[in-house]
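Trainee: 3D, please:
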Amino acid sequence: MTSERFTIERLADHPSALPVAACWIWETWGTKTLAETIESLDDPENCPPTLVAMVGGRPVGVVGLSRFLRAGDTDETLWINAIYVVEAERSHGAGSLLLAAAVESAAPMADRLFVYTDVPEWYQQRGWSVVEREDHNVVLSRELSDES
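Mentor: Residues are numbered from 1 along each chain as shown. As a prediction, this is how the structure comes out:
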C-alpha cells in the first residue's frame, strides 16, 4: 500500500526498523518490557504481519496486531496491539494508511478486528464502532467480512 508520501510494508522486510518501532511503543505505553515489545511486533503467531510506514527508506510509523482472549469470550479475537506514527509525520495520512492496511491484512484471518484506545473518535472517523466504554478508554471493532 502506498501514497505519494508513504509506503506501507512488512516490518519483517526492514529488520533494522524493528528495534526502532519497538522503542516508540515501549516509550509511549511501556506496558511490557522492551524485549517483550520487540517480540510482540516480530510477526506474532496466527496474526497478520506487523506493518511499517516508510518515508525515503526510514520508518515513521508501525501497526502490530495480536490475539487476545477477553473475559467472557471463548475464543481469542484479533486486536490492534499498537499503532504509532512519529510526531513529525502525524496528520499526513500515515496512521490512516497503516490502519487500512491492518484491516486489509486481517480480513482473511478474522471476521472482526478490535482496538482498545483513548482516541475513539479517530477510529470512528474511519468506520469503527464502539463496543464498550471503560473509564477513559474505549473498545471499538470493525467488521472485516466485507474487506475480503
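
Trainee: Run through the residues that contact the spatially most central residue of the chain.
Mentor: Centroid-nearest residue in the chain: Val63, 3.1 Å away (criterion: Cα atoms, centre = their mean). Neighbour list for Val63: 50-51, 80, 82-84, 98-99, 101-102 [criterion: Cβ atoms under 8 Å, 6 or more residues apart in numbering]. In this view, the C-beta of every residue, glycine as well, is placed from N, C-alpha and C.

Trainee: One more pass at 10 Å, please.
Mentor: Residues near Val63 by Cβ atoms under 10 Å, 6 or more residues apart in numbering: 8, 11, 21, 41, 48-53, 80-85, 94-95, 97-103, 105.

Trainee: How confident was the prediction at it?
Mentor: pLDDT, Val63: 97.

Trainee: Assign it to helix, strand or coil.
Mentor: Per DSSP: H, G, I helix; E, B strand; the rest coil, the local secondary structure of Val63 is strand.
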